[in-house]
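> Below are the sequence and a predicted model for it; my questions follow.
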Amino acid sequence: MAKRSKRYRALAEKVPTADPIALEKAVEILKQFGTTRFDQTVEIAMRLGVDPKQADQIVRGSLVLPHGIGRTQRVVVFAKGDAAAAAEQAGADAVGQEDLAERIKGGWLDFDVCIAAPDMMGLVGPLGRVLGPRGLMPSPRAGTVTPDVAKVVKEYKAGKVEFRNDATGIVHAVVGKLSFDQQKLLDNVQAFIHYIQGLKPASVKGTYVKGIALSATMSPSVRVAA
């Protein structure tokens, strides 16, 4: 196990218990961890009672958080004609077709989100080997394969986050920055938790949300009562 820094150990002592605590208190404690020179990213991890091997128990989707995530996401779009023009107007960082595909094949991955119009998937499909492992492959289920590319560009620019449970049944997502005031951070976290709770697969029996934890880039995690 890596040796924790003196700063980290001092912050860990501010967490009153290893047991889950009320969300409001957890956010209040987390706010005290903003002692670095940079603005730390706040993340949530929710451990779900799903079987990741079952296709009907995959918890995946996206939502626009009430107060964004504290940074502008870089968005690229595969589209042509009017859809391409609309995506550019909506603020996409790069819009293209074969030229964009070649650029990505060549190793350019300087973006956070990839969106595609449905008629572009024949071109985008072969990029799955590059985009898939990085979580960048457009998907209808995530809302990134859409005829209304401009609308989705605006959503990601406004602070939309994507999520999908991992092989252990845990969903991770960015929910803001430590510089956010306490209420805004609370609003974002509550919105994410409520959204995940509403996505419970019908085939899941027993406890659905088994654990919740909040953490910042260089800080201890705080367990939250589900």
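Nice, I can see it. Just so you know, these numbers come straight off a predicted model, no measurement behind them.
> where along the chain do the helices fall?
Using DSSP state H, the helices of the chain run over residues 6-12, 23-31, 81-90, 98-105, 121-124, 128-131, 149-157, 182-197.
> Now mean neighbour count, distance to Lys205 and mean pLDDT too, for those, in a markdown table please.
All C-beta spots, glycine's among them, are computed from the backbone N, C-alpha and C. Listed next are the helices of the chain as a markdown table, based on neighbours: other C-beta atoms under 10 Å; distance: least, C-beta to C-beta, whole Å; pLDDT from 0 to 100:
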| stretch | mean neighbour count | distance to Lys205 | mean pLDDT |
| --- | --- | --- | --- |
| helix 6-12 | 13 | 36 | 63 |
| helix 23-31 | 19 | 26 | 92 |
| helix 81-90 | 17 | 42 | 97 |
| helix 98-105 | 14 | 42 | 96 |
| helix 121-124 | 14 | 36 | 95 |
| helix 128-131 | 14 | 33 | 94 |
| helix 149-157 | 22 | 34 | 94 |
| helix 182-197 | 18 | 16 | 96 |
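> Quick one: closest of those helices to Val174.
For Val174, the closest of the helices of the chain is helix 182-197, at 9.3 Å, according to C-beta to C-beta.
> and that closest one, what does it pack onto?
On a contact count with 3 or more C-beta pairs under 8 Å, 6 or more residues apart in numbering; DSSP states H and E, helix 182-197 meets helix 23-31, strand 41-48, strand 60-64, strand 170-177, strand 209-216.
> Which of those comes out lowest on mean pLDDT?
Per-stretch mean pLDDT for these is lowest at strand 60-64 (a mean of 88).
> Can you give me the buried ones in that strand?
Neighbour-count burial for strand 60-64 flags Gly61, Ser62, Leu63 (criterion: 16 or more other C-beta atoms under 10 Å).
> before we move on, what about stretch 217-226?
For stretch 217-226, the neighbour count (16+ other C-beta under 10 Å) marks Met218, Ser219, Pro220, Ser221, Val222, Arg223, Val224 as buried.
> list the contacts for the last one?
Meaning Val224. Contacts for Val224 (C-beta atoms under 8 Å, 6 or more residues apart in numbering) come out as Pro20, Ile21, Ala22, Leu23, Ala26, Ile212, Ala213, Leu214.
> Please name the bridge partners of it.
Beta bridges link Val224 to Ile21, Ile212, judged by DSSP bridges.
> Could you check how far it is from Leu100?
Distance of Val224 to Leu100, given as C-beta to C-beta, to the nearest Å: 40 Å.
> returning to what we had before: could you export the helices and strands packed on helix 182-197 as JSON lines, including distance to Val149?
Below are these laid out as JSON lines (distance: least, C-beta to C-beta, whole Å):
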{"stretch": "helix 23-31", "distance to Val149": "35"}
{"stretch": "strand 41-48", "distance to Val149": "27"}
{"stretch": "strand 60-64", "distance to Val149": "14"}
{"stretch": "strand 170-177", "distance to Val149": "23"}
{"stretch": "strand 209-216", "distance to Val149": "33"}
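> Any idea which of those gets closest to Arg141?
Of all the helices and strands packed on helix 182-197, strand 60-64 sits nearest to Arg141, with 5.7 Å by C-beta to C-beta.
> Against which helices or strands is that closest one packed?
Going by 3+ C-beta pairs under 8 Å, 6+ apart, strand 60-64 lies up against strand 160-164, helix 182-197.
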